[in-house]
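Student: Build the 3D model from these lines:
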Amino acid sequence: DDLQNFAPVELFGQTALPPIEDEDYHLTIAPHHFYWFKLVPEDDIQRDRDDYRDLRVAETGPDGQTLPVLPVAEGLQNLLVPTMAHGRGPEQLESLLPEYIAKQRWFGAKASAIERVAIEDAVRLNADPVVYLSVLHVTLQDDEAFYNLPLMAAAPDHADQILEASPAAALAWLQIDGSGERRLVYDATVDPAFWATLFEWWQGGSKGRSLKGVYKAEPSEEAEGDQPESIELLTGEQSNTSALVNGDYFVKIYRRLEQGPNPEKELLDHLTQVGFNFSPRLHGTIDFRRGRRQYTLGILQEALPVETDGWQYALTCATRLLDRVENSQFPHEQARTSQTPVAIQDWKSEENRDASVPVWLEEVAPEMISLARVLGVRTAEMHRALAQADDENLKPVAAGADAGTALAQQLQTELQETRALINRHLNKFDDEDLPSEAAWQVAQNRLEELQSIDGNHHRIRIHGDYHLGQLLRAEGDFHILDFEGEPARPLEDRRKPDNALRDVAGMVRSFEYAILVAWDEHTDADDSYLPWLDALRRWSEITFLNAYSDTSGDASFLPPTPERFSFLWAYLFQKAIYEVRYELNHRPDWAWLPLRGLRRLLQSDDPAPVDLPS
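Tutor: Sure, this is the predicted structure:
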């Protein structure tokens, strides 16, 4: 009886079944199939159906794509502003949003079913063309989030251009009462006119008041007076959307909004003030304030004369090595006699700090070795600059005496999650692809040792999501971008001081990724290249670490040796098992990459720089 007048709703398709009215409720399910349902009151389902009641559809293009038609009195304001609402337009628009945003690449909760999307607030930036910023409140099955969706409405002639170039941006047609004129509602970020409007609004220091709060632009003096003469839309980003204005300004819209100061705003502002020359200068931000709550909607920063990003450059460097050594015999004898650090463990040994890259490798891989050396220096310079902060939210703090214990406990949990996920995918791998039980025991032993290590160092604000993809090569050097931190972590966690070695471990893992991807894509994982790849990885690794250590000197943000290695190993391990989980969940065909690095980390005795025959 308790379930009567409730209806099962399939979680992912959001299809409602007939309500439960009798004691017996029958479902037919195919063999080896299943459904996930939630139970929803019948009245709520009827309300949702009413939202669709008056929707009509119309063809939008030659591919037969259809979009709903929403009747309005005047325009977009009738859907976004409650005091100007027209008919059931706002409810109908909200009914379209779950399916729409679930398909957008910037929506970060694709594994969760969207229960409802409400228009939390909206403000108009411009009347001609009409440009709105809207804040969406997304209710998920077990969470909630806020997203930023700029919207515009295009007349038919411009609508055709939008539909041709960016069909996924289209949301619905508006049909104006009386005239019958139609306008296309679409994600404004695909339109250069939006970025021009936003830039003008921004550099003018404008302020807009909505029904629920205030939208305010905070520009720097350098941005004042410039007109948006050229706009270049940028693609490839997942969680944000960006454009270049006049080739001088990089404008970024944050899609997911979180309450509190944005880490990128804080860190770029500080790095700009202390004169760190290898990150973009901050030119301004745009914020939404609602009472005491603050959300950063976007950021304006210096645009760099980009040649390529760090990931593509590293792939090119590794590919050049593979081209140069094709059909070449690896110099086993020279490798045996080279003064060579045997593994990353030897970063803790002072006598190995002066080891030189062997000539036979430097001759075939000068670009990668140079990249590793430069990035070691730049990473240390970034950390030194961040450690200069004296602001209450940025200044270094002493690590707790239990720093090793806390990290070890966190890794124990992540280790169990990773092993459980691997066990669910065992049919995808051969035994030799996975760490052995002895190797997993090595991890347990190291984590036990980590618990006895004190936090004899300072924690600083760090990059937090540091890898080759966060670098730009410009004017022959490398610049560091995207100081938001790891997007999957809560904003509060991303703003906490942390161990600088977390960034170091991220870059070390990124080097191995780039080398293995180049090997796979360029040689189809030909085993004959393995000695060269092992040598390149190891020397890139140790060159980066030594350059970082030499530049950092006796900085208080580095633990003393040998504790330094214990923390570094822990962060490398944490990064590797995170990568295993990520790849198994999102790109199973790439899972071999982190598994290879994980097996190496868990070897009790890391072998010589290359696997030499006896």
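
Student: I figured Leu533 hits Leu516, correct?
Tutor: Yes: contact criterion CB atoms under 8 Å: Leu533 and Leu516 qualify, at 7.4 Å. Placement of C-beta: from N, CA and C, glycine included.

Student: Tell me the secondary structure at Val138.
Tutor: Following DSSP: H, G, I helix; E, B strand; the rest coil, Val138 is assigned to strand.

Student: ugh, wrong one, Asp287
Tutor: Asp287 - assigned by three-state DSSP - is strand.

Student: pLDDT value on it, please?
Tutor: Reported pLDDT at Asp287 in the predicted model: 94.

Student: Let me know how buried it is, in neighbour terms.
Tutor: Number of residues near Asp287 (other CB atoms under 10 Å) recorded here: 18.

Student: Please apply the same query to the one 3 residues further on.
Tutor: Using other CB under 10 Å, Arg290 is surrounded by 15 other residues.

Student: quick one: contacts for it?
Tutor: Neighbouring residues of Arg290 by CB atoms under 8 Å, 6 or more residues apart in numbering: 121, 212-213.

Student: Export the residues you listed as CSV, with columns for neighbour count, pLDDT and distance to Ala196.
Tutor: Below are these laid out as CSV (neighbours: other CB atoms under 10 Å; pLDDT from 0 to 100; distance: CB to CB, whole Å):
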residue, neighbour count, pLDDT, distance to Ala196
Asp121, 21, 95, 23
Lys212, 15, 92, 27
Gly213, 20, 93, 25
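
Student: Mind checking which of these land in strands?
Tutor: The strands, defined by DSSP state E, take in Asp121 from the contacts of Arg290.

Student: Quick check: of the contacts of Arg290, which lies closest to Leu315?
Tutor: Nearest to Leu315 among these is Asp121, at 42.7 Å by CB to CB.

Student: Was I right to think the closest one contacts Arg209?
Tutor: No: Asp121 is beyond contact range of Arg209, at 10.8 Å (criterion: CB under 8 Å).

Student: which intervals of the stretch 351-500 of the chain have sub-threshold pLDDT?
Tutor: Low-confidence segments of the stretch 351-500 of the chain (pLDDT under 70): 351-354.

Student: Would you map the helices across it?
Tutor: Ranges of helices within the stretch 351-500 of the chain are 359-362, 366-386, 403-424, 437-450, 491-494, based on DSSP state H, counting those that start in this stretch.

Student: Which one of these lies nearest to Asp157?
Tutor: When the helices of the stretch 351-500 of the chain are compared by CB to CB, helix 491-494 sits nearest Asp157, at 41.9 Å.

Student: So what does the residue lying closest to Ala303 once chain neighbours are set aside look like in phi/psi?
Tutor: Once flanking residues are discounted, Ala303 sits nearest to Phe250: 4.3 Å by CB to CB, 6 or more residues apart in numbering. Per-residue torsions, Phe250: phi -100, psi 120 (degrees, to the nearest 10).

Student: List the beta-bridge partners for Phe250.
Tutor: Phe250 has the following beta-bridge partners by DSSP bridges: Leu244, Gln301.

Student: how far away is the closest residue to Arg105 other than its chain neighbours from Ala109?
Tutor: Take Arg105 and drop its neighbours on the chain: the residue closest to it by CB to CB, 6+ apart is Gln238, 5.7 Å away. Counting by CB to CB, to the nearest Å, the separation of Gln238 from Ala109 is 13 Å.

Student: If you count surrounding residues, which of the two has more?
Tutor: Ala109 (17 against 11).

Student: Just say helix, strand or coil for the more buried one.
Tutor: Counting by three-state DSSP, the backbone at Ala109 sits in coil.

Student: what's near enough to touch it?
Tutor: Ala109 sits next to 138, 140, 143, 145 when contact means CB under 8 Å, 6+ apart.

Student: Just the buried ones out of these, please.
Tutor: The neighbour-count test (16 or more other CB atoms under 10 Å) marks 138, 145 as buried among the contacts of Ala109.

Student: follow-up on the earlier one: the residue nearest to Arg105 against Trp106, yeah?
Tutor: Yes: the pair Gln238 / Trp106 is scored as a contact, 6.6 Å apart, by CB under 8 Å.

Student: OK, contacts around the spatially closest residue to Lys395 that is not a sequence neighbour?
Tutor: In space, and not counting its chain neighbours, Lys395 is closest to Ala389: 5.1 Å by CB to CB, 6+ apart. Shown in contact with Ala389 (CB under 8 Å, 6+ apart): 270, 395-396, 460-461.

Student: Now with 10 Å, please.
Tutor: For Ala389, the contacting residues are 266-267, 270-271, 273-274, 395-396, 460-461, 497, by CB atoms under 10 Å, 6 or more residues apart in numbering.

Student: again, but for Glu449
Tutor: When contacts are counted by CB under 10 Å, 6+ apart, Glu449 touches 404, 408, 566, 569-570.

Student: State the distance from it to Glu381.
Tutor: Taking CB to CB, one finds Glu449 at 31 Å from Glu381.

Student: Buried residues of stretch 324-338, list them for me.
Tutor: By neighbour count on 16+ other CB under 10 Å, the buried set for stretch 324-338 is 325, 330-331, 335, 338.

Student: swap that for stretch 216-233, sorry
Tutor: If you call a residue buried by 16+ other CB under 10 Å, then stretch 216-233 has these buried ones: 216-217, 219-220, 223, 228, 231, 233.

Student: which residues do Asp121 and Arg209 both contact?
Tutor: Tyr215.

Student: who's in contact with stretch 547-554?
Tutor: For stretch 547-554, contacts defined as CB under 10 Å, 6+ apart pick out 347, 350, 353-354, 372-381, 383-384, 387, 500-501, 503-504, 507-508, 555, 558, 560-561, 564.

Student: quick one on the thing from earlier: quick one: which two of the buried residues of stretch 216-233 are the most distant?
Tutor: Spatial extent of the buried residues of stretch 216-233 (CB to CB) is set by the pair Lys216 and Leu233 at 25.2 Å.

Student: all helices of the stretch 201-350 of the chain, in order?
Tutor: Secondary structure of the stretch 201-350 of the chain, counting by DSSP H, counting those that start in this stretch: helices at 263-273, 310-324, 332-337.

Student: Neighbour count and distance to Leu304 for the contacts of Glu449 - can I get that in a markdown table?
Tutor: Formatted as a markdown table, these follow (neighbours: other CB atoms under 10 Å; distance: CB to CB, whole Å):
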| residue | neighbour count | distance to Leu304 |
| --- | --- | --- |
| Gly404 | 24 | 39 |
| Ala408 | 21 | 40 |
| Ser566 | 20 | 37 |
| Trp569 | 22 | 34 |
| Ala570 | 25 | 34 |
